[in-house]
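Enquirer: Below are the sequence and a predicted model for it; my questions follow.
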Amino acid sequence: MLKIIYCLVALASLSSFKLTASHLLGAEITYKIIGPDLYEFTVYYYRDCRVPSQGGGNPNALAEDSPLYITTFHWNYFFRADSIESVENVYLPLLNPSNCYSPLQPPCINRIKFVFQLNLPHSILEYTILNQRCCMSDGITNIINSGSLTNSFYCKIPPASLGSNSSAVFSPLTNTLLSVNKEYSIDFSAIDPDNDSLSYELCTVDLGGDAYNNPKPFILSGGLPTLLHPVYTNSYTSSLPMSGISLDAKTGKLDIKTNTQGSYVVSVCCHEWRNGIIINTVKRIYTFTVQNINFSALDVRAYGDTIVLKESIVNLSATGAETYHWDYAPKFSSNKIAFSDIQNPIVDLNLIGAYNFYVTGTNSEGCFGMDSAELVFTNEKSVFVPNAFSPNNDGVNDRVKIIMSGYDLVYFKIYNRRGQEVFYTNDVNIEWDGRFKGGELGIDTYYWVASAIDLNDKIQIFKGDITLIR
C-alpha cells in the first residue's frame, strides 16, 4: 500500500542550500495494454525552459532528465528497474499567440516524452510504476520552498480481479497565458479506452527522495518508498491551489478566475469507475503562471455623436479594426442590446432620450478596441456645442463639433479672442482639433457662431464659447 505523510522541511537548512535542479512544472503517466500482460507506458515531463536570468529552469537539469529512471513495485516490493531514453522533446506553442499582449516574461514550456513497455504478469496484487525527480520549479507561489522538493510521479496497475485495464488519457495541454483579473476555461478532461466512467477532482502533489544528495534517484531494491506531500502557503490547499479555481467533477473543465500574480501548481486526479468502484486513478500535475499582461488595444473610433429629433435616421461609423460589433443602451445603463455587425450602421429606431452606441472592433490576431457614440433623441429642436475640450490625443474629448436637432447647418465658425477666424465648416460631421494653419493653438477661450435653418426654413443664429484645455 502507498504510504503518505506530509513533508515539513527545516527552513534554516534550506536557507543555506542552493539547489541546481529546479525546473519541473508538472508531469503525467498513462498506460495501455498492447498484449497479454504487456503494457506500454507514456510519461510526460512539463519543464520551465525560460533562461535562468528570468527565473527559468536550470539548463543542466533539463539536459539530465533523459534517461528516465523507472522503478516497478509489486505491491510494496521491488519488482524491476528500467532506464528509458526520451523519444520526443518539443516546445508547447502559446495558446492563440498574437501581438495583442505583452507579458512581463513570456512563458516557455518544454515537454519531454518517454515511452516504454513492461511485462507485468497477472496478479491479485497491484503494481506501482514510480519515478522520482528533483526539483520542482523554484518560486512557486502556493508551495513552500518548491525549488527544494523532489517530485514523485506514479501510476498503478490494478489487481487482475478488477479486470484488465488501460488508463484514462488526458487531453493535450497547451501553453496558456493567464492574465490577472480574467476568466479562463481549460480542458483537463480525459478519454478512457475501456469506456470506464470518469470523475475528476483537485488533489495533492506527491513528493519523495533526497533533493540534497540524490536529485535523480534510481531505486534498485527495497520497498515502495513513503510518499510525502508539500506544505502549501497561506490559505492554499491541494483542493484550492489558487484563488478562483474550480473543477467540474463530471467534465474535467477547469475554470479559473485570476486575481493574483504568481505561479501555481495544480494537480488533477482522474478516477476510473467500473461497477460502482474506483479501479484506477491517473494524475496530471501542471503549473499555471498568472501575470499582469498588458493587452494592446486597437485604436477603434466611433463617429456619430448627435442630437436629433425623435424617429430621425442617424448614420454611425467606426474605424481602426477589421470586424465590428455594435450594442446600444440608455445612457448610464449597463443593459446593452445587440444592434449591428457592420462597420457603418444606420440607426432607424423609435427612441427618446440619451443613448450610448458601443462598438467593439477586432482584427485577425484577436486584438480589440472599443469606443462609443452618444445619440440624443428629442422631441424639440436644439443646438449643442461643448463648452470645453482637450486636444491632447488621449482619446477623450480631443475634438469638438456642433450637434443639432431639427436644424440644417449653414455654417459653424470659431474665433480667437482677437476676432480671427480659426475654424469653419458647413458640415455637422466635421470636428475641430484645436489647430489653425497646421499649428496647435494654446490654452484659451474661443468663441463660436453658428447659422442654421429650421424645418420652417427660418434662419437662426447661435453663439457661445469654448475653452481649449491641454
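Expert: Looks like it came in fine. Keep in mind that what you see is a predicted model, and the values were worked out from it rather than measured.

Enquirer: How about exporting stretch 306-319 as CSV, limited to the C-alpha atoms?
Expert: The C-alpha coordinates for stretch 306-319 follow below in CSV (Å, rounded to 0.1, in the frame of the first residue of the first chain):
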residue,chain,number,x,y,z
THR,A,306,-25.5,63.9,-32.3
ILE,A,307,-28.8,65.3,-31.0
VAL,A,308,-31.7,64.5,-33.4
LEU,A,309,-35.4,64.7,-33.4
LYS,A,310,-37.2,61.5,-32.4
GLU,A,311,-37.5,59.0,-35.3
SER,A,312,-34.7,60.6,-37.2
ILE,A,313,-32.3,58.4,-39.1
VAL,A,314,-28.6,58.6,-38.0
ASN,A,315,-25.5,57.2,-39.7
LEU,A,316,-22.9,55.7,-37.4
SER,A,317,-19.4,54.8,-38.5
ALA,A,318,-16.3,53.3,-37.0
THR,A,319,-12.6,52.9,-37.9
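
Enquirer: how would you label the residue nearest to residue 178 when sequence neighbours are not counted: helix, strand or coil?
Expert: Once flanking residues are discounted, residue 178 sits nearest to residue 290: 4.5 Å by Cβ to Cβ, 6 or more residues apart in numbering. C-betas here are computed from N, CA, C, even on glycine. Under the three-state scheme (DSSP: H, G, I helix; E, B strand; the rest coil), residue 290 adopts strand.

Enquirer: Let me know the pLDDT of residue 290.
Expert: Residue 290 carries a pLDDT value of 90.

Enquirer: Also residue 326?
Expert: Model confidence at residue 326, given as pLDDT, is 96.

Enquirer: Surely it is in contact with residue 356?
Expert: No. Counting by Cβ atoms under 8 Å, residue 326 sits too far from residue 356 to count as a contact (10.7 Å).

Enquirer: out of the two, which sits in the more crowded spot?
Expert: Neighbours around residue 326 and residue 356, counted as other Cβ atoms under 10 Å, are more numerous at residue 326. The numbers are 25 against 18.

Enquirer: what residues are up against that one?
Expert: For residue 326, the contact set (Cβ atoms under 8 Å, 6 or more residues apart in numbering) comprises 316, 318, 338-341, 345, 357-359.

Enquirer: Can you tell me how far the residue positioned nearest the centre of the chain is from residue 467?
Expert: Taking Cα atoms, centre = their mean, the centroid of the chain lies closest to residue 178, which sits 3.3 Å from it. Using Cβ to Cβ, to the nearest Å, residue 178 is found at 45 Å from residue 467.

Enquirer: and what of residue 365?
Expert: Applying Cβ to Cβ to residue 365 and residue 467 gives a distance of 40 Å.

Enquirer: Output the below-cut-off pLDDT ranges for this structure.
Expert: 1-20, 95-106, 294-297, 366 (pLDDT under 70).

Enquirer: ranges for the helices of it?
Expert: For the chain, helices defined by DSSP state H occupy the ranges 11-15, 59-63.

Enquirer: May I have the last one exported as CSV, CA atoms only?
Expert: Okay, so that is helix 59-63. Extracted in CSV, the C-alpha atoms of helix 59-63 (Å, rounded to 0.1, in the frame of the first residue of the first chain):
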residue,chain,number,x,y,z
PRO,A,59,19.8,24.0,-18.2
ASN,A,60,21.9,21.2,-16.7
ALA,A,61,18.8,19.8,-15.0
LEU,A,62,16.9,19.8,-18.2
ALA,A,63,19.7,18.1,-20.1
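
Enquirer: mind listing what's buried in that helix?
Expert: 61-62 (16 or more other Cβ atoms under 10 Å).

Enquirer: List of residues touching that helix?
Expert: For helix 59-63, the external contacting residues (Cβ under 8 Å, 6+ apart) are 20-23, 47, 49, 52, 110, 135, 215.

Enquirer: out of these, which is most surrounded?
Expert: residue 23 (30 neighbours).

Enquirer: So which bits of stretch 265-285 are buried?
Expert: Within stretch 265-285, judged by 16+ other Cβ under 10 Å, the buried ones are 265-272, 274, 279-285.

Enquirer: still on that earlier bit, could you provide the contacts of residue 326 in JSON lines, with additional columns for distance to residue 238 and neighbour count?
Expert: Listed next are the contacts of residue 326 as JSON lines, based on distance: Cβ to Cβ, whole Å; neighbours: other Cβ atoms under 10 Å:
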{"residue": "316", "distance to residue 238": "53", "neighbour count": "24"}
{"residue": "318", "distance to residue 238": "49", "neighbour count": "24"}
{"residue": "338", "distance to residue 238": "43", "neighbour count": "9"}
{"residue": "339", "distance to residue 238": "47", "neighbour count": "18"}
{"residue": "340", "distance to residue 238": "49", "neighbour count": "17"}
{"residue": "341", "distance to residue 238": "45", "neighbour count": "10"}
{"residue": "345", "distance to residue 238": "52", "neighbour count": "20"}
{"residue": "357", "distance to residue 238": "49", "neighbour count": "24"}
{"residue": "358", "distance to residue 238": "43", "neighbour count": "16"}
{"residue": "359", "distance to residue 238": "45", "neighbour count": "29"}
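
Enquirer: how about these, which pair is most distant?
Expert: Distance extremes for those: the farthest pair is 318 and 338 at 15.4 Å, using Cβ to Cβ.

Enquirer: re earlier: sort out for me which of the contacts of residue 326 are in strands.
Expert: Those of the contacts of residue 326 mapping onto strands are 318, 338-340, 357-359, per DSSP state E.

Enquirer: Farthest pair within the buried residues of stretch 265-285?
Expert: 265 and 274 (29.8 Å).

Enquirer: count of neighbours near the nearest residue to residue 223 once chain neighbours are set aside?
Expert: Distance criterion Cβ to Cβ, 6+ apart; nearest residue to residue 223, sequence neighbours excluded, is residue 76 at 5.1 Å. Using other Cβ under 10 Å, residue 76 has 15 neighbouring residues.

Enquirer: Run through the strands of the stretch 101-250 of the chain in chain order.
Expert: Here the stretch 101-250 of the chain has its strands, by DSSP state E, counting those that start in this stretch, at 101-102, 109-119, 127-134, 150-157, 169-170, 178-179, 183-187, 190-191, 197-202, 227-229, 245-247.

Enquirer: out of those strands, nearest to residue 310?
Expert: Proximity to residue 310 (Cβ to Cβ) singles out strand 183-187 among the strands of the stretch 101-250 of the chain, at 40.0 Å.

Enquirer: Please look at residue 466 and residue 449 and confirm they touch.
Expert: No. Using Cβ under 8 Å, residue 466 is not in contact with residue 449; the gap is 11.6 Å.

Enquirer: Look at those two and report which has more neighbours.
Expert: More neighbours surround residue 466 than the other of residue 466 and residue 449, with 20 against 14 (other Cβ under 10 Å).

Enquirer: which residues pair with that one across the strands?
Expert: residue 446 (DSSP bridges).

Enquirer: That one and residue 354, how far apart?
Expert: Distance, residue 466 to residue 354, by Cβ to Cβ: 21 Å.

Enquirer: dump the residue contacts of residue 107.
Expert: Residue 107 touches 50, 94, 175, 177, 289, counting by Cβ under 8 Å, 6+ apart.

Enquirer: can we see that at 6 Å?
Expert: 175, 289 (Cβ atoms under 6 Å, 6 or more residues apart in numbering).

Enquirer: next one: residue 341
Expert: By Cβ under 6 Å, 6+ apart, the contact set of residue 341 is residue 325.
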